[in-house]
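Participant: Kindly generate the corresponding structure for this input.
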Amino acid sequence: MQPVCTPAALADFDRELIVAEQLESFIERAAQAALAVAREMMGGLYGRRMLIIAGPGHNGDDGRRLALIARRRGAQAVVIDVRDAPRSLPTADLVVDAAFGTGFHGNYAAPLPAPGTKVLSIDIPSGVNAATGEACEGAVIADRTITFVAHKPGLLFRDGPSHAGAIIFADLGVTIADPMAWIVEEDLPGSHSPRPRTAHKWRRALFVVAGSPGMTGAATLCALGAMRAGASMVRIGAPGVAASDYGPIEAVAHALPTQGLYRAIEDELHRCSALIVGPGLGRSPHLLADVRELLLKTTLPVVIDADALYALDGNTVPFAGDREVVMTPHEGELAHLLGHSVGADPLGEAAELARRSGATVLRKGPVTVIARSGITPLLITSGTSALATAGTGDVLSGVVGALMARGLDSVTASALGAYVHGRAGANAPMEGLIASDLPPLIANELAEHSRHQIRDR
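Facilitator: Below is the predicted model:
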């Protein structure tokens, strides 16, 4: 996993380098790493023309050292002081943005590259706030950004991703002991859960309470996601929905009464390893009261999604700390649960709900945030905007529920589920993705993840 740190923590790191007289060595390593990316972007170094916009701080030092090394290898590397930069830059093979780094505040009108010229930013695009991702009007728009030691929140949230382009991470041999968050990769600890040789279909059984009259699509997508993620038996039902309403699906459908939900499925739950509640369920007051009773009485690991989130009050703490509960709000649902507007601080808002509820919070969005009290938040960046289509969240809930039925804790199940869900979307066709395309792709991603985990043991 890759660390994420605040600009303040990185400023402390810079001061430690100065005290230890290691700053020059660090700048050299940063410049060498940036040069490797520049070489790839230009298709070589010898004879290539680079324009380096260098500022007054350490970011500018990285750029100036990059220019020195590039010249030794045959490149035409021209350093332009940010204070003297023209509004429009001359033709070049590459523009390197080393104007302002993580300490930037205020406004910056970046010089404009010649048409067709690629831009590489060092550490963060100049003009982007490293803490929030907010970009000033003239901020650099890079094709790639190479960032050092740790990711910055500003590369991940708000305007940051659209200004950073492809992000290349270089730790430069530095280990961060206490980051503000971790970005999840293939090496997610504790996420390998092979099926035992003695397994049977009830070993990983899952009950899905989802759907409503005329609205069974969400329930079906949830069940498909769960089955493809390793749930060996899926039971499905919702109040007022006939078993036949779910259509042909490899799950056992139940007709449930319109009242007394917990009593109606209590015996079934004893045979299951996890529970999902919410997709397409509806929000009538008596139904939400039934859902709340179910959520508070069951002791199973549970995923609370979509409509079921409206059965909860974010100002109370309904779940004990040892319950394996996942809440999966998008921005609107999170605002409802917290009782205030959200969006300015995705990490803090997810952590607030986790603290209030006692649950693991999977906050859905362009960057998915996994938060639980007492742990360092996890971030999922594997997805793409192709997943912004109806029903993909229902599939995700099914995947997370299945992983908990397989025995993973709520944090690991949420992180792995969101990671493979994002990877499936990223590897799907560029256009035309629909939610029902995802389950088989997720099965492939989980298989690849398992191979990776076994290979690295």
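
Participant: Now name the helix or strand holding Asp267.
Facilitator: helix 261-269 (DSSP states H and E).

Participant: following that helix, which helix or strand comes up?
Facilitator: strand 274-277.

Participant: Can you give the strand pairings for that next one, parallel or anti for each?
Facilitator: strand 205-209 (parallel), strand 302-304 (parallel) (DSSP bridges).

Participant: I'd like the distance from the helix or strand that it is followed by to the chain centre, please.
Facilitator: Counting by DSSP H and E, the next helix or strand C-terminal to strand 274-277 is helix 285-297. Relative to the centre of its chain, helix 285-297 is centred 30 Å away, using C-alpha atoms, centre = their mean, to the nearest Å.

Participant: same deal with stretch 261-273?
Facilitator: Taking C-alpha atoms, centre = their mean, one finds the center of stretch 261-273 at 33 Å from the center of the full chain.

Participant: next one: stretch 420-439
Facilitator: Distance, stretch centre to chain centre, for stretch 420-439: 15 Å (C-alpha atoms, centre = their mean).

Participant: got a list of contacts for it?
Facilitator: Under the contact criterion C-beta atoms under 8 Å, 6 or more residues apart in numbering, stretch 420-439 has outside partners 221, 224-225, 227-229, 368, 380-384, 386-387, 389-392, 394-396, 398-399, 441-442, 444-446, 449. The C-beta positions use only the backbone N, C-alpha and C, and glycine is treated the same way.

Participant: Which positions in it come out as buried?
Facilitator: Residues of stretch 420-439 classed as buried: Val420, His421, Gly422, Arg423, Ala424, Gly425, Ala428, Leu433, Ala435, Asp437, Leu438, Pro439 (neighbour count, 16 or more other C-beta atoms under 10 Å).

Participant: Compute the distance between the third one and Pro318, please.
Facilitator: What it means is Gly422. 29 Å (C-beta to C-beta, to the nearest Å).

Participant: among the buried residues of stretch 420-439, which one has the lowest pLDDT?
Facilitator: Least confident of these in the model: Ala428, at 91.

Participant: That residue belongs to a helix?
Facilitator: No: read with DSSP: H, G, I helix; E, B strand; the rest coil, Ala428 is coil and lies in no helix.

Participant: Quickly list what the most centrally placed residue in the chain is bridged to.
Facilitator: For the chain, the residue nearest the mean C-alpha position is Ile380 (2.0 Å; C-alpha atoms, centre = their mean). Residues in a beta bridge with Ile380, per DSSP bridges, are Thr368.

Participant: wait, what's in contact with it?
Facilitator: Contact analysis of Ile380 by C-beta under 8 Å, 6+ apart lists Ile183, Val184, Val367, Thr368, Val369, Ile370, Ala415, Ala418, Tyr419, Gly422.

Participant: so how far is Leu438 from the last one?
Facilitator: Plainly put, Gly422 is 10 Å away from Leu438 if you go by C-beta to C-beta.

Participant: if we can go back for a sec, are any of the contacts of stretch 420-439 buried, and if so which?
Facilitator: 221, 224-225, 227-229, 368, 380-384, 386-387, 391-392, 394-396, 398-399, 441-442, 445-446, 449.

Participant: Surely Glu268 and Arg235 touch.
Facilitator: Yes: with contact defined as C-beta atoms under 8 Å, Glu268 reaches Arg235; the gap is 5.8 Å.

Participant: Between those two, tell me which one has more neighbours.
Facilitator: Legend: neighbour count by other C-beta atoms under 10 Å for Glu268 and Arg235, higher for Arg235 (21 against 16).

Participant: Now name the helix or strand holding the more buried one.
Facilitator: strand 233-239.

Participant: so what secondary structure elements neighbour that strand?
Facilitator: strand 205-209, helix 217-228, strand 252-256, helix 261-269 (3 or more C-beta pairs under 8 Å, 6 or more residues apart in numbering; DSSP states H and E).

Participant: nearest to Arg65, of these?
Facilitator: Ranking those by proximity to Arg65 (C-beta to C-beta) places helix 217-228 first, at 49.0 Å.

Participant: what does the closest one contact?
Facilitator: With C-beta under 8 Å, 6+ apart as the criterion, helix 217-228 contacts 206, 208, 210-211, 234, 236, 238, 241, 246-247, 249-251, 276, 279-280, 305-306, 391, 394-399, 401-402, 405, 435-436, 438-440, 442-443, 446.

Participant: In helices, which of these appear?
Facilitator: Using DSSP state H, the subset of the contacts of helix 217-228 located in helices is 394-399, 401-402, 405, 438-440, 442-443, 446.

Participant: which one of those residues sits closest to Gly173?
Facilitator: Leu446 (32.5 Å).

Participant: Nearest spatial neighbour of the closest one, chain-adjacent residues omitted?
Facilitator: What sits nearest to Leu446 in space, not counting adjacent residues and going by C-beta to C-beta, 6 or more residues apart in numbering, is Val420, at 5.4 Å.

Participant: and the one you found, what are its phi and psi?
Facilitator: For Val420, the backbone dihedrals are phi -70, psi -30 (criterion: degrees, to the nearest 10).

Participant: Going forward, the N-terminal residue is numbered 58.
Facilitator: Understood, numbering begins at 58; the last thing we discussed is Val477.

Participant: That one and Val399: what is the separation?
Facilitator: Distance from Val477 to Val399, by C-beta to C-beta: 26 Å.

Participant: for Pro218, same thing?
Facilitator: Taken as C-beta to C-beta, the span from Pro218 to Val399 is 19 Å.
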